[in-house]
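> For reference, the sequence and a predicted model appear below.
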Amino acid sequence: MSSRIEDYAIIGNCETTALVGRDGSMDWLGLPRFDSAACFAALLGDARHGRWVIAPVAAEARVTRRYRGDTLILETTFETQDGAVCILDFMARRDGVSDVVRLVRGVRGTVSMRTELVVRFEYGSVMPWVLRQEDGRLQFTAGPDRLLLDTTVPLRGEDMRTVGEFEVAAGQEIGFTLSWTLSYRPAPAPLQAADALAQVEAFWSDWTAKFEPAGEWSDAVLRSLLTLKALAHHETGGVVAASTTSLPEQLGGQRNWDYRFCWLRDTTFTLYALIAAGFLDEAKAWREWLVRAVAGDPEDLQIMYGVAGERRLTEYEVPWLPGYEGSAPVRVGNAAAGQIQLDVYGEVLDALYVGRKAGLDADDASWGVECALIAHLETIWDQPDDGIWEVRGGRKHFTHSKVMAWVAFDRAVRSAEEFDLEAPLDHWRGIRDAIHLQVCDRGFDTAQNSFVQSYGVTALDASLLLIPIVGFLPPEDPRVRGTVAAIERDLLRNGLVLRYDTGTGADGLPAGEGAFLACSFWLADNYILQGRYEKARALFERLLSLRNDVGLLSEEYDAVGKRQLGNFPQAFSHLALVNTAHNFVSAYGPAHQRSGGSSATGQGEASPVADGAVR
C-alpha cells in the first residue's frame, strides 16, 4: 500500500518531479516532463507498478526529514539500533537528460541498507529490457525510454526487480544516479554526483536570494514558493497544478483527476504570489506562457493547457492501476479541458492587468488578444457554463462565473483607462454594469441574505468568497457580510470550508470530498478585508498546521480522518497560502489590490496583524 499523502515529499528539476515517502520509497516519477507517463507508479498501485526503495534493512527505524536549507534537496535521516544514515534526494538536468540522485551518508555507527528498483514504463504497464553496459551501468529500455542506473553497490535481478544490500558506516557516502534519456540517442556520460549536488544547491540558493520576506510567515511562504517553482517548467514558463494524477478527493471514491496541466484560473493568483515575493522573472515567464496559450480564435479558449500550451488533453482511464487506496478509476488527461467556464476570461484579463500594474515588460500582442477575448465574451457571458469546479452535472448560470465575466470587462476598462490603450470604453462600461446588475438581482437570495451558487437555487458555494476579493462589491457591503455568514453556517465543517454541498448531486458525481484548502484561505482573506484579524489569524494558523513535516499541502483535507486528500503538492493551495500571508503583512496585499487597491507590487503599510497588534 502507498504511504499517506502527507508522508510524501517532492523533489524536482523544473521539468518534472518525483514523490519520495518517509519510508525511503520513490513511488511516483514521470520522465522527462511533468505530464509524461510514469515509470514509478506505485503511488496509484503497489510495488509491481514501479518504485525505487533505499532504506535500512531493519524494519523499525526512527525517521526525520527536512529540506536542506531553502532548496528542493530532501534529507531523510533513518536511525536504527546500529546507527544512523541520511539519504539526500534531489534531481538535476542536463541537455536531453534528467537525473535522479540519491546519496546515502553514514552519520553514526554502521547501518545495513537495502535497495529495490522496479522500473515499469507507461504507468506501470511496460516492463523494460535490462542490460549491463560496458562501463558497469545498468540500462533499462522500452520503446523511446531509457534509464541508466549508476552505483558502486552490487546489484542483482530477483523476481523482475533489481535489488541489493550494502552497509554504510559513519563518514561513508554511497551514491545512486538514475538518468533518463531517449533510447535512440547515445548514452550520456555518467553524472558526477558531488558536482551535481553543489550545482543544484547553488541553483536554489541563487533563486531564493530574490525573495522578499513576508513577516513572521516568511518560512512558510518561501517553502510554498519553492514548491511553485518546482511545478514551473524552466523553458515554457507553464505552472502545473500538481505533480500527480488521480489522488482522490475522497478515499475509495471516483473524484480522481489528472492535475499535471496548467489552469488559466490559477493565473492571477500565481502572478500576485510571484510579484509580491519579488520573483518578477517567473511572473513574466508565466504571463508569456499565458499569452501564447490563449492566442488564436477566442471561441477556442480552453480552461487549461499542457505544459507548453498544448490543447489536446484527451482523458482516458488506466484500468491496470487499482488507484490510491482503491480509489478508481485512475485517469490520464482531463476532459474538463473541453468545458466552457466563463470565469477564465476574468482571470486572463485580470492577470494581464496585474502584469501591467507591476511594470512587467509590455507585450504588444497581449492587448490585441485581450480585445479579441472581450469581444467574444460579450456574446456568451449571459449563457450557462460548467463553473469553477468543473462539475459534470450540466451547465448552469453560476454566480461566480458571472462575477468573473464582470471582472473581465472591469479589468479591460481599467487597463485602457490607466495605460492609455485604445478601446470602446463606453460600450465596455455598459456591459460591465449590466452584468453587475444581473448578478445582484438573480444571484442573490434575500431570504438568506446571501449570494447563491447559481441563479434560482438556494445552495451556497465557497467561490462566492471571491466577490469582495475581486472587487465586485466592497467587503463591508451587507450582502458580502451576509454571504460570509451563510458560508460559515452551511459550509464550514470542523473549522474548514467545503467548496459546496456535494450531497445535492448537482455536480453529477457521488457525494463526499474533503475541505478544499484554498476556500479556507479565501475565508481568511475575507476576515482580513473586514478587519476581523483575530479570526483571520486563527484560521490561517490552523491551515498552516495542516502542512506536512516538510511544509507541503495537497488539494483538500479530511478533518475527521486528519489526512490530506487530492493531488499533491497542490499549486492552488500554496498560492492561496502565499497570498493570504501577504494580505496579513501588507495593507496593499493581493486581496486589497485585487479589490481595487492602487499598488500591484505587494508593498505598502503594515496591517494591524503584521506589527503584532493582534494575537
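Cool, got the structure.

> Return the residues in contact with N13.
Residues in contact with N13, defined by Cβ atoms under 8 Å, 6 or more residues apart in numbering, are 91-93, 98-99, 200. Heads up, the C-betas are built off the backbone N, CA and C, glycines and all.

> what's the closest of the residues you listed to S183?
Nearest to S183 among these is S98, at 13.8 Å by Cβ to Cβ.

> hey, what's that closest one bridged with?
R93, W180 (DSSP bridges).

> low-confidence ranges in this structure?
For the chain, applying pLDDT under 70 flags the ranges 1, 362-363, 505-509, 511, 587-588, 597-615.

> longest helix of it?
Looking across the chain with DSSP state H, the single longest helix is helix 399-419.

> in it, what counts as buried?
Buried residues in helix 399-419, counting neighbours by 16 or more other Cβ atoms under 10 Å, are found at 399-416.

> Quick one: list the elements packing against it.
helix 343-357, helix 364-380, helix 425-442, helix 466-469 (3 or more Cβ pairs under 8 Å, 6 or more residues apart in numbering; DSSP states H and E).

> Packing partners of the last one?
The criterion is 3+ Cβ pairs under 8 Å, 6+ apart, and the helices and strands that helix 466-469 contacts are helix 399-419, helix 478-490, helix 517-529, helix 590-594.

> still on that earlier bit, among the contacts of N13, which two are most distant?
Maximum pairwise distance among the contacts of N13 (Cβ to Cβ): 12.5 Å, between S98 and V200.

> Find residues that contact each of these two.
By Cβ under 8 Å, 6+ apart, the residues touching both S98 and V200 are 13, 91-92.

> Make CSV out of those and add distance to D441.
As requested, those are exported to CSV (distance: Cβ to Cβ, whole Å):
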residue, distance to D441
N13, 52
M91, 53
A92, 57
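
> Among those residues, which one sits closest to A328?
M91 (29.5 Å).

> measure the closest residue to that closest one other than its chain neighbours to A571 for me?
Of all residues not flanking M91 in the chain, N13 sits nearest, at 3.9 Å (Cβ to Cβ, 6 or more residues apart in numbering). Taking Cβ to Cβ, to the nearest Å as the measure, N13 falls 17 Å from A571.

> same check, this time on M304
In terms of Cβ to Cβ, M304 sits 12 Å off from A571.

> Who has more neighbours out of these two?
When M304 and A571 are compared for neighbours, A571 comes out ahead with 29 against 24, by other Cβ atoms under 10 Å.

> who are the neighbours in contact with the more buried one?
Counting by Cβ under 8 Å, 6+ apart, A571 touches 227-228, 231, 239-242, 266, 270.

> Y184 contacts P144, correct?
Yes: shown here, Y184 and P144 form a contact pair, counting by Cβ atoms under 8 Å, at 7.0 Å.

> Alpha carbons only: can I get stretch 84-102 in PDB?
Once non-C-alpha atoms are left out, stretch 84-102 reads as follows in PDB (Å, rounded to 0.1, in the frame of the first residue of the first chain):
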ATOM      1  CA  ALA A  84      22.100   6.500  11.600                       C
ATOM      2  CA  VAL A  85      22.200   7.300   7.900                       C
ATOM      3  CA  CYS A  86      21.000  10.300   5.900                       C
ATOM      4  CA  ILE A  87      19.700  10.000   2.300                       C
ATOM      5  CA  LEU A  88      19.900  13.100   0.100                       C
ATOM      6  CA  ASP A  89      17.400  13.000  -2.700                       C
ATOM      7  CA  PHE A  90      17.400  15.600  -5.500                       C
ATOM      8  CA  MET A  91      17.000  16.000  -9.200                       C
ATOM      9  CA  ALA A  92      19.300  17.600 -11.800                       C
ATOM     10  CA  ARG A  93      19.000  18.100 -15.500                       C
ATOM     11  CA  ARG A  94      21.400  18.100 -18.500                       C
ATOM     12  CA  ASP A  95      20.700  18.700 -22.200                       C
ATOM     13  CA  GLY A  96      18.200  15.900 -23.000                       C
ATOM     14  CA  VAL A  97      18.900  14.100 -19.700                       C
ATOM     15  CA  SER A  98      17.000  14.100 -16.400                       C
ATOM     16  CA  ASP A  99      19.000  12.800 -13.400                       C
ATOM     17  CA  VAL A 100      17.600  11.500 -10.100                       C
ATOM     18  CA  VAL A 101      20.400  11.300  -7.500                       C
ATOM     19  CA  ARG A 102      20.200   9.500  -4.100                       C
END
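
> what comes up buried for it?
Residues 84-93, 97-102 are the ones in stretch 84-102 that count as buried (16+ other Cβ under 10 Å).

> pretty sure V20 is touching S3, no?
No: between V20 and S3 there is no contact under Cβ under 8 Å: 9.6 Å.

> where do the contact lists of those two overlap?
Common neighbours of V20 and S3 (Cβ under 8 Å, 6+ apart) are D27.

> So for these two, which sits in the more crowded spot?
Ranked by neighbour count (other Cβ under 10 Å), V20 and S3 place V20 first, with 26 against 16.

> Is the more buried one bridged to anything, and to what?
Legend: beta-bridge partners of V20 under DSSP bridges are A9, M26.

> Doesn't R66 lie inside a strand?
Yes: secondary structure of R66 (DSSP: H, G, I helix; E, B strand; the rest coil): part of a strand.

> Which residues are in contact with it?
74-75, 549-550.

> Please pick the buried ones from the residues you listed.
The neighbour-count criterion (16+ other Cβ under 10 Å) marks 74-75, 550 among the contacts of R66 as buried.

> As TSV, the residues you listed with secondary structure and distance to L280 would be great.
Output for the buried ones among the contacts of R66, formatted as TSV (DSSP: H, G, I helix; E, B strand; the rest coil; distance: Cβ to Cβ, whole Å):
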residue	secondary structure	distance to L280
L74	strand	28
E75	strand	31
V550	coil	27
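
> Distance to L360 added to the residues you listed, as TSV?
Shown next, in TSV, are the buried ones among the contacts of R66 (distance: Cβ to Cβ, whole Å):
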residue	distance to L360
L74	33
E75	36
V550	32
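
> To what extent is Q139 buried, counted in neighbours?
Other residues close to Q139 by other Cβ under 10 Å number 16.

> for T152, that is, sorry about that
Around T152 there are 9 other residues, counting by other Cβ under 10 Å.

> ok, for E555, nearest residue in space, not its chain neighbours?
G566 (2.9 Å).

> if I pick the one you found, what's in contact with it?
5, 242, 247-249, 514, 554-556.

> For the residue nearest to V354 when sequence neighbours are not counted, give its distance to V344.
Spatial nearest neighbour of V354, chain neighbours left out: L271 (4.8 Å); criterion: Cβ to Cβ, 6+ apart. Going from L271 to V344 by Cβ to Cβ gives 14 Å.
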